[in-house]
Every structure is written in structure tokens, then in C-alpha cells.
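> Okay, predicted coordinates and the sequence, questions at the end:
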Amino acid sequence: MSQAFQHLIDIESLSDDQLQSLVEQASLIKARPELHDGALRGRILVNLFFEASTRTRFSFEIAARRLGMHVVNFSAASSSVSKGETLLDSFRTVQAMGPDVIVFRHPDVGSAGRLAIEAGDGTHVINAGDGSRAHPSQAVLDMVTLAEHFDDLSRISVLIAGDLRNSRVTHSDVAAMRKLGVGEIRLASPPQLRPDEEMARGARVFDDFEEALADVDVVMTLRVQKERLRDSDIPEPLSYHRNWGLNPDRLALARPGCLVMHPGPMNRGVEISSEVADGPQSVILEQVTNGVYARMAILLAMLGK
Amino acid sequence: MSQAFQHLIDIESLSDDQLQSLVEQASLIKARPELHDGALRGRILVNLFFEASTRTRFSFEIAARRLGMHVVNFSAASSSVSKGETLLDSFRTVQAMGPDVIVFRHPDVGSAGRLAIEAGDGTHVINAGDGSRAHPSQAVLDMVTLAEHFDDLSRISVLIAGDLRNSRVTHSDVAAMRKLGVGEIRLASPPQLRPDEEMARGARVFDDFEEALADVDVVMTLRVQKERLRDSDIPEPLSYHRNWGLNPDRLALARPGCLVMHPGPMNRGVEISSEVADGPQSVILEQVTNGVYARMAILLAMLGK
Amino acid sequence: MSQAFQHLIDIESLSDDQLQSLVEQASLIKARPELHDGALRGRILVNLFFEASTRTRFSFEIAARRLGMHVVNFSAASSSVSKGETLLDSFRTVQAMGPDVIVFRHPDVGSAGRLAIEAGDGTHVINAGDGSRAHPSQAVLDMVTLAEHFDDLSRISVLIAGDLRNSRVTHSDVAAMRKLGVGEIRLASPPQLRPDEEMARGARVFDDFEEALADVDVVMTLRVQKERLRDSDIPEPLSYHRNWGLNPDRLALARPGCLVMHPGPMNRGVEISSEVADGPQSVILEQVTNGVYARMAILLAMLGK
């Protein structure tokens, strides 16, 4: 059993042991998922999503249902928000109905943490993305994926490339890789999408994709998040692909067998070519599968006895 | 066990005993909810909502799931309505699939009652709001909240203030308070939002908020329902707050310890100030919590053996 | 038990025995639905709908829940599609989360079949409508309805009338009626909504509704699917009703007691008059009821042991 925690707002708030334990627990669940069928029967999870999402909402929903939980979905479109209610009041209202877990996604940086402070003892908050800040359950699934492929993370070099500036996934992945002692963390991006200082701490930062790719064991590419960029900062897709698209020639610069990851959704022909996305080194769909097990591990750590 | 009834369209159709029994049953469920886990296992509830809603749909969904029911949600946005189907045909189609309960919200006054007449023996209809007419499950939860705080409702004075003209909550609350013998019912509103004669029957009607507040035991404020008003009748928010906002000074006019209620969603700084909404006299979140138990009681009364 | 099959993309891919078995199984389930409660407990069905739908999504959801399955709903509006993801990547992502069945609706002809080819061994795909092409579960429920009313399908004459050109229901119904040996299949439509050659194979095609109605045992009328027509091909509603509306006078041309069917949603006063839709010969709501049992039979045939 993973060590208990009340909320999951960011990776930084987990101890090294708690993160390590979640990663191990997810792999154990993956090996024998039937052992956990109905383990949280009757508990209630609310997906409180103020941003469009398919994969994250689905993944939590499937994880929760496999554990026997009830799932209630909220999407901002059909909500009291349009009647002038504040976010905090929406949260308190949902909480007053007695759910065990509120999975929360919102475009505002720090919003999940602010709500967790307001949460009562019986309510657990999971940050499923707060703007460009954090997406900790994604980091757990990415660590599960790394741990499945490498026995000793201290000996590998991992590159994350693309729109780092707006990437909550990168923020959380970098924090998780530091905690698990990944040997080398590299970050590469065009100048207007560069990481901030906090994200870059302890990482090697590159302006050139090909230079960054040299000899890495893992490369993760990222979608350009147009919805978080000023128009003038959005790169033109073809020129982005020319300079930052992961194609077979570029992948050949990495170590042989280098894993290809992507948190999805992918824009084929922009940050990644189809040959690479569908190629033998791609573990993109493994990441999705691991997401369900990572979220089961998180829910069990929060709610299990 | 509450006394059985087929549909819940308005409070007026319940006997005094049925309403009293629902209120008592909801409190019993609240005290020991685990006794009712799965009591309606396998039964099907459909949320058929033609108006935006978070709290009511969520509350019915959580109540039903705690009882073990299946819940299927319909929202008008993605429906056959856009293909020219009539409301009655949509209802009959859903009914033909065999749900036990259809929870129905629609902007047209009287629509829930018209559908209940069409319903077959095996289908129960709950009105979750038909325009400005009725919202009986909200009234049940409000009565649960009153009953928790006052042993003898015949000795209290309750004020409802704000947009009464469009308030299905007020309509149902007034009917419920009459049935339970609440000592005094007061209604206060600006001139253009005055209650109709039916709503005002047996109540003291005020044009001045402060006069109405004198010595009341409970005050409930209401959001201005802009979506149901002509533009010329919508009060300007700041001036509304000046004259009709419940702030600490006004609350001091009521009896000491006067309870503050609001059916939500709140517009802070308009009909209520944050000091009052979040203050020690506020039972607004208790109302939300009681909503789940009130709806469990309603479902058990309809479907339980 | 019906004979197992992996996917349900179109009626043509079923053997005669498989279709016959599904129809019989649906009737058996209808007679004693409680025997199958929870038969597929813990299995996961995803409704992956890229077109608006109420009845089909509801029907699959209710069928699946009665069998004890978990149901997760996707609608295109709030999805990664808006972030540039391809349909195939959306499908693969959902599949990677491990559902047992993906029920898929999409406006593109052939899309369900293309996805089924991509599906892994553990995933079953059901086509819930791919543009104007096929809607096989609707055909199964229509055959259940015919089989309930006629002992010997080889002796009946069935007319489908209206917008045949865009009708996936007709496509699948004609294929099913051929397989089950329906005596005579008639198709009637205005010139701009005529069936293609494939659909018309083995059917008698009419340009005149009244001529087509003579002595038929069953008539099914169809909504004009404006969303699939060029503006210039959309008939004006009143003139359509004058020439192609099924009213009592026209129904009198058919055999006495002729059944009236409609796949819904209906446009009353256009392709059908209310007297006929609500009259004693209408089995339109029986079709809806049978839809749930047909889909339970389909799911059991795919997933049952």
C-alpha cells in the first residue's frame, strides 16, 4: 500500500517515498488488476472540469469505476458558473454533497491548491491540471512508464522538447524525475516557448533540438498549446515541424532504442511525424494504459485503509 | 418509511403527512446513511434536463447512486430536440426504455405536470424545476434544514426576499411552510419582482427589506433570475445590493442568531454580502448537504417497498 | 446464447444464423430481463459519439447498465478533437484505457469499419451510425419488432418511405430483412431522396407513396435528414406532408391493421401525422423498448461466455 496523503496538488508535495510507492503500486495493480476490483466500492468521485478534456477525465473515470466508485461528471458548459457563481462556491457546493474525491481541472495557475486549502477533512482534491502549472497524475503515469523500461533511472538521460513554457506536464515530470533520481534531465524549446527558471532548475536547457537529442534514452515531445499562447508566439506548423518535429532522422541522433513519449493529444506532422508516433520505439499508448493504473494507485493511496 | 406517492410535481399535491414524513425520513437517513446503501439497487433514474443545472442534477445523481441506482443523464444540448422532436415525444421515448424515475427540468411552467399525466404506471416523474412554477425537492430540503434548527415551526417567522416573481423555490417553499404550519411567512421584493397572488396567499408581503427583516428567525435571499426577466426589469447589481443586499447591518435587524439561507447559486455582492454568506449564521451549505438526503427520502418513498 | 462475433459494423457481416439468433435472444431477454441482471458486471462500455444522439446513446447506456457494465460517455463537443487530434488517435487512446466495447457514432461513411480494423483483440466495436451508411443495432431492434408481430416473415410486405438516400436505418433494415427472408421489401421516396442501387437491390422501388402503400403489412416512415442534404434538396415541410406524410387516409390503403414504424426522432406533421403516430397501429414506442433488449442481446453475444 502506498503511503497515505490527503490531496494531490503537485509532485513537490509528495515525499520521495510516497512518489516511489505510487509508481510501484501502479505496476503491481497493472500486473493483477482484478485484486482491486471494487476496493473502493460506494465511494464517490467527482470530475470537476473547467477545461475541455477527454483522456484525463476518461482515465480517472475508468480507474474509479474499476475500484467500484461512483463517478459524477461536471463540465463547465452546463453549470451555475453561467449564473454568476464563484469557483469557490461551486467547489463548496459540490463538496457539501459529500464526495470523497474531487478531481479538478481549471485554466488558472494555483487554483487546485487554493481549493484544497478550503477542503474539509473528508474531501480529497486531485489536481488534474491547473493552467500551465501542474498535472501530477500525468507525472506518476510517466514515471510508471519509465520504470517499466529502465531498471536504474539514475543511468538514463531524458529529453522533453517543445512548448515547455505552458507545459504543466513538463513541470510535474521534471519534479518527479528529480525525486526519483533520473540521471540527466534535458529541456529543449524554441526561444519563445522556453521554460521558466523554476522548471529549468537541475536540467540542461537547449535551444537546438538536434543537439539536445544526442545520446538520450528517452525523448518526450509536446503539443504547442495554442490556447495558452499569444497569437504572435504561436509557431507556424510547417516551420515548427521543420525545426522541432521529431522525425526518424532526428530520432536516429538519440541512443539506439530511445523511447518516444508524448502526453497527448498529438498533432501529427507538427511536433511528431507519424513514422515516429507509430514506430517501434513509441510508448505513447503504453502511457495511456499506465494512466489508468497510476490513477487507481493514487485513489487507493488516498482512500484505501 | 414515508408514505408512497407516484410523482412529485409540486408540494401542493402531497398530503401534510406525506411532506412531514419526507422531512423526518431525510433526517433519519442523514443520521445513518449507510443503512440505505444500495436500497434501490438496479433501479434506473434518468436526469432529463432542458435547462442548465449543476447542483440539482448532481444532488439527484449522488442521492440515486448512494441508493444503488443507475443514473443516465440527458442534456438538451446534444439531443434529438435539435432534430425537431417534440418534448412529449422525447419524454415518451425515454420512458419506453424503462427507467423507474425521470427527473425533469424545463423552462416551461406546468411542463412536468403535463408529462406526469402521460407517464405509465411504472414511471415516476420528479419535477426538478418547471420555469418559475415549482421545485418541490428544494422545498423538502429547506424544510429539513428548518426542522433541524427549530423544534416548533409554529413559533418561527421566515422571510424570503428578492426576485419572488420568478422563484419556483419560493413557490414551493411557501407551500411547504403552510403545510408544516410555520408561524409566519414573510415575502419581500422590489416592486417589479413582486409575488403573484397565489404565492402571497397567507404571507405578509413587504416592499421594504429592512422592515421585513424585523425579528425574523430565518431569512432566505434569492438570486435575481436575469434569464427570466425582460431587460427593463433587471435591476442594476450595485443599486440592488444597496437596497436588497443582505449585509451584516441588515441581518442585525433580525432576531439574534437568525438563520441565513440561500438556494444557490449565489451572486456575492448582489443579493448577499460575503460576510453574511460565510458568517456563523449561514446554513447555506447545510442546505446543499440536506438536499442529497431529501432526495434519497423522495426516491425511497416513491420506489421503496 | 447468440453466436459470438467480434464487432458489429453492419448487418451484412453477420451470418443469417447470427442475426436470427440475436433477434430470438432479444425476445427471450425481454420476457425475463432479470435473468441477465449483472451478467457482464465490471465490463466497460464507452459511448464514443461524434454526432448528437439521445435515443441510441441512452439505449446502449441502459442496456449496458442492466447487464452490470460500467458506461463512460464521450461527446465530441468537449474533446481533444478540438486540440487537433485525429479520429484514429482518439480511438486508440480510448482503447488503450482498456474498455471492452466501444460504441461509435460518426458522420463519416465507413468510419466504424476502419476503426474496427485497428481494434485490438480485447476491444469490440459497435457501429451506432456512420453517416448515411449503417446502423445495425437499429436493424436488430426493428427485426425484433417485426418478429413479435408476425410468425412468418416470408409472408409479409414491408414498405420504407421517405428520405432513403441518407438513411443508414434503411440500409441496415433492408439488409436484415433480406437475411431473415421478408416476403417483399418496398422502398418509396421523392426523386431527390431516392435509394442508391445497392440499397434498392431486391426491393421494389416506388416514386408514388400511395401506390407503394397498397396492401403492405408494415410501413416505416423516415424523417428528412436535413443535416445530410444540400439546401436545394430539402423539401418544404408542408408540401412534403401533402405528398409523403403518412396520414389516416393513406394508411387505409395498406392492409387492415398494417403496423406503423418510425426509427425516431419524428417530425409530426411532416412525414407522419399525429393521428397515425399515436394511433392503434403504431408500434413506434415498442421499437424503442425493443432497442434496449436488442442491445442487451448484442452485448451478451459479444462478451458473454
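The structure has been received and is ready for your questions. Residues are numbered from 1 along each chain as shown, chains lettered A, B, ... in the order given.
> end-to-end on stretch A:272-281?
Across its full length, stretch A:272-281 reaches 13 Å between end residues, using Cα to Cα, to the nearest Å.
> again, but for stretch A:253-266
22 Å.
> Could you do stretch A:39-52 as well?
End-to-end span of stretch A:39-52 (Cα to Cα): 29 Å.
> Could you look up the SS state of A:Leu300?
With DSSP: H, G, I helix; E, B strand; the rest coil as the basis, A:Leu300 sits in helix.
> Am I right that it is in contact with A:His36?
Yes. Assessed by Cβ atoms under 8 Å, A:Leu300 is found in contact with A:His36 at 6.8 Å. For every residue, glycine as well, the C-beta is placed using N, CA and C.
> Need the overlap of contacts for the two.
A:29, A:67 (Cβ atoms under 8 Å, 6 or more residues apart in numbering or on different chains).
> Show me the residue at the heart of chain A, geometrically.
Centroid-nearest residue in chain A: A:Gln138, 2.1 Å away (criterion: Cα atoms, centre = their mean).
> dump the residue contacts of it.
A:Gln138 makes contacts with A:56, A:129, A:168-169, A:172-173, A:263, A:291, as judged by Cβ under 8 Å, 6+ apart.
> in what helix or strand does it lie?
Assigned by DSSP states H and E, A:Gln138 belongs to helix A:136-149.
> and that helix, average pLDDT?
Helix A:136-149 shows a mean pLDDT of 98.
> ok, and for that helix, which residues are buried?
Buried positions in helix A:136-149, judged by neighbour count with 16 or more other Cβ atoms under 10 Å in any protein chain shown: A:136-148.
> what two of those have the greatest distance between them?
Pairwise distances across these (Cβ to Cβ) peak at 19.0 Å, for the pair A:Pro136 and A:Glu148.
> Show me what from chain A comes close to chain C.
Within reach of chain C by Cβ under 8 Å from any Cβ of the partner chain, chain A has these residues: A:37, A:49, A:52-55, A:58-59, A:61-62, A:65-66, A:75, A:77, A:223, A:227, A:264-268, A:270, A:285-286, A:288-289, A:291-292.
> Just the buried ones out of these, please.
Among the residues of chain A next to chain C, the ones that count as buried by 16+ other Cβ under 10 Å are A:49, A:52-55, A:58-59, A:61-62, A:65-66, A:75, A:223, A:264-268, A:270, A:285-286, A:288-289, A:291-292.
> before we move on, the earlier item: between the buried residues of helix A:136-149, which sits nearest chain B?
Proximity of the buried residues of helix A:136-149 to chain B (Cβ to the nearest Cβ) peaks at A:Ser137, which lies at 22.7 Å.
> my guess is the closest one contacts A:Ala112, does it?
No. Between A:Ser137 and A:Ala112 there is no contact under Cβ under 8 Å: 11.4 Å.
> Need the residues touching each of those two.
A:126, A:128.
> can you pull the contacts of A:Asp142?
Counting by Cβ under 8 Å, 6+ apart, A:Asp142 touches A:169, A:173, A:176, A:220, A:261, A:263, A:287.
> A:Phe58 too?
Taking Cβ under 8 Å, 6+ apart, one finds C:46, C:72, C:74, C:94, C:97 in contact with A:Phe58.
> Check the average confidence over the strand or helix carrying A:Leu187, would you?
Using DSSP H and E, A:Leu187 maps to strand A:184-188. Per-residue pLDDT over strand A:184-188 has a mean of 98.
> Repeat that for stretch A:17-25.
Stretch A:17-25 carries an average pLDDT of 97.
> mind listing what's buried in that stretch?
For stretch A:17-25, the neighbour count (16+ other Cβ under 10 Å) marks A:18-23, A:25 as buried.
> rewinding a little: can you put the contacts of A:Phe58 in CSV and add neighbour count, pLDDT and secondary structure?
Output for these, formatted as CSV (neighbours: other Cβ atoms under 10 Å in any protein chain shown; pLDDT from 0 to 100; DSSP: H, G, I helix; E, B strand; the rest coil):
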residue, neighbour count, pLDDT, secondary structure
C:Val46, 26, 97, strand
C:Val72, 23, 95, strand
C:Phe74, 23, 86, strand
C:Val94, 23, 96, helix
C:Met97, 20, 97, coil
